[in-house]
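*Asks:* Give me coordinates for this.
(2 chains)
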Amino acid sequence: MTAATEAHRAIEAIWRIESARLIAGLARIVGDMGTAEELAQDALVAALEQWPTAGVPEKPGAWLMGTAKHHAIDLIRRRQTLERKHEEIGRDVERAQEGIGLDVAIDEDVGDDLLGLIFMACHPVLSKDARVALTLRVLGGLTTEEIARAFLVPVSTVAQRIVRAKRTLTEARVRFEVPGGAERMARLASVLEVIYLIFNEGYSATAGEDWTRPGLCEEALRLGRILAELVPAEPEVHGLVALMEIQASRLRARVGPSGEPVLLLDQDRTRWDRLLIRRGLTALERAERLGGAMGPYALQAAIAACHARAATAAETDWPRIVALYDAVAQLAPSPVVELNRAVAVGMAFGPAAGLDLVDGLVREPALEAYHLLPAVRGDLLRKLGRYVEARAEFERAASLTENVAERKLLQKRAGECTAEGTAG
Amino acid sequence: MRVLILAKEDHQVRAATPPTPEEMAEFQKFNEELVKAGVVVGDGRLHPSSQGKRLRFDGKKRTVIDGPFAETKELVAGYWLWQVRSIDEAIEWLKRAPFDAGTYEIRQIFDTEGM
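*Replies:* The predicted structure is shown next:
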């Protein structure tokens, strides 16, 4: 490897490590995300120009921050000349200069900066897609190309989404801040939603060839773990982390040898990642220890923990899972939760009881195009020996999913119903 | 990807100069930074090899060997499990460690995971 390529690889890795705190620190100084990201990018360009020949500095993070802050001060001065009236800017320059020592950037507590950046990227004024893209970009340090690849959308779509998101933040005058009080809870809910959206897109990809995209799960887990350290007193953050750790523990077991999905009850549990299960259970305990009523994420984590604790599918504590779904349904009622609850009821009290509940959901508009409704219904009908109806449901489910691997699995189930129907 | 960081220490040197409280504090600080960045997923420090055992396999024969082990160099003294996006990222993190002696090995763990 030549020194230049070595330096480039180092810079790429350093960027991944440093970019979020760099952008966060700059956002605190300049106030808006767009400018902060541009300044950070300028510092990256400077590194790419200088490091391959001059060598990577001993404290690369501090170097990047120092370079970017110098640019920030220049920028603020230029703005100041343009708009003399703003006294505030003078204070900005002072604040920026205070932090300019090259050694401070690494050592100073960047926790609040990062938190402010997370709140900004996940601001409710933005659409879900925009929040996801912006979060992966400024907090995950992913390039636009990487985000596009992960979500199977054109690069230009992601690029536009990010540009528009930054513009929306500017237009809505969203400033860099760490909200407190009641607003903090609402804003935190938006952050958790974004992280879980990223996780879920990796866990059961809604479209495309692959059933899972573990890279996205890892990215979401990392964001969750960072957030849990930033706001350790928030039980729902630990609840979400617990949920993601336990679900991620099954990633290896969820995919068969030829990439086909393997459903929870059919999985080889010896392939579950014990380390992630242990981490998940620990995070759940942390959430529970903080007290108060369990939130929706902690409850879902508790459900996931029921599966994680069962050595075989037959040992699953289904009545407890039903009770936990009851609690979720009270807190955050949704047709999808009802559907999951119906599955648990079917397991705990027999397929007929489950089918009763599912039949009540058939006319639910929100589930009209949801492939898991006919999939669950088909499963229950099959257990009741009603193979012809079951087959029709699996076929309908297959036609509704856009995920290729999942469609194949559902078609296979439909085929099995025909075989079983003939045999019976 | 998940990587295993193996701390290989010259145990004779280590025994002669146990870490000072300052060194320990510096290490703690570094470890905390890694945890806050969501990098550390597991870690552990090993008891000295004098308390360790080795099992040697030779056909059907199993021989138990008591520690301490003869090698004076490159005995594993501890490990970290890191979740990183690339080996390069692991290298950059490890470079920041406040160590002034020893060898640290980065090994990628086989996994079906990874983008």
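*Asks:* I'd like to know which residues of chain B are adjacent to chain A.
*Replies:* Within reach of chain A by Cβ under 8 Å from any Cβ of the partner chain, chain B has these residues: B:35-38, B:41-42, B:81, B:83, B:85-86, B:88-89, B:91-93, B:111-115. (Each C-beta comes from the backbone N, C-alpha and C, glycine too.)
*Asks:* mind listing which of the residues you listed are in helices?
*Replies:* Among the residues of chain B next to chain A, the residues falling in helices (DSSP state H) are B:V35, B:K36, B:D88, B:E89, B:I91, B:E92, B:W93.
*Asks:* What degree of burial does A:T81 show, as a neighbour count?
*Replies:* For A:T81, the tally of surrounding residues (other Cβ atoms under 10 Å in any protein chain shown) stands at 9.
*Asks:* now swap in A:A159 and tell me
*Replies:* Under the neighbour criterion other Cβ under 10 Å, A:A159 is assigned a count of 16.
*Asks:* Could I get the full set of helices for chain B?
*Replies:* In chain B, the helices defined using DSSP H lie at B:11-16, B:21-36, B:87-95.
*Asks:* correction: the stretch 51-200 of chain A
*Replies:* A:60-82, A:87-98, A:104-107, A:111-121, A:128-138, A:144-151, A:155-171, A:181-203 (DSSP state H, counting those that start in this stretch).
*Asks:* before we move on, back to that, now the residues of chain B next to chain A: which count as buried?
*Replies:* For those, a neighbour count by 16 or more other Cβ atoms under 10 Å in any protein chain shown gives the buried set as B:35-38, B:41, B:81, B:83, B:85, B:88-89, B:91-93, B:113.
*Asks:* Just want the residue of the stretch 251-400 of chain A that's nearest chain B.
*Replies:* Here the residue of the stretch 251-400 of chain A nearest chain B is A:R252; by Cβ to the nearest Cβ that distance is 5.2 Å.
*Asks:* for the stretch 301-424 of chain A, that is, sorry about that
*Replies:* For the stretch 301-424 of chain A, Cβ to the nearest Cβ, closest residue to chain B: A:A405, 14.5 Å.
*Asks:* surely that residue meets A:D210?
*Replies:* Yes. Here A:A405 lies in contact with A:D210, judged by Cβ atoms under 8 Å, at a distance of 6.6 Å.
*Asks:* Pass me the low-pLDDT residue ranges in chain B, would you?
*Replies:* Low-confidence segments of chain B, defined by pLDDT under 70: B:10-17, B:71-73, B:112-115.
*Asks:* and the gap between the residue of it positioned farthest from its centre and B:D66?
*Replies:* Within chain B, the residue lying farthest from the chain centre (Cα atoms, centre = their mean) is B:K60, at 31.5 Å. B:K60 is 22 Å from B:D66, where distance means Cβ to Cβ, to the nearest Å.
*Asks:* again, but for B:A25
*Replies:* B:A25 sits 35 Å away from B:D66, taking Cβ to Cβ as the criterion.
*Asks:* so which of the buried ones among the residues of chain B next to chain A comes closest to A:A419?
*Replies:* B:E113 (34.5 Å; Cβ to Cβ).
*Asks:* and the closest residue to A:A3 other than its chain neighbours, how many residues sit next to it?
*Replies:* Residue nearest to A:A3 in three dimensions, not counting chain neighbours: A:P52, with 6.9 Å by Cβ to Cβ, 6 or more residues apart in numbering or on different chains. Residues within reach of A:P52, counting by other Cβ under 10 Å, total 18.
*Asks:* do the one 10 residues further on as well
*Replies:* The local packing of A:A62 (other Cβ under 10 Å) involves 19 other residues.
*Asks:* Spell out which residues of the stretch 101-250 of chain A are next to chain B.
*Replies:* Going by Cβ under 8 Å from any Cβ, the residues of the stretch 101-250 of chain A near chain B are A:111, A:150, A:213-218, A:221-226, A:229-230.
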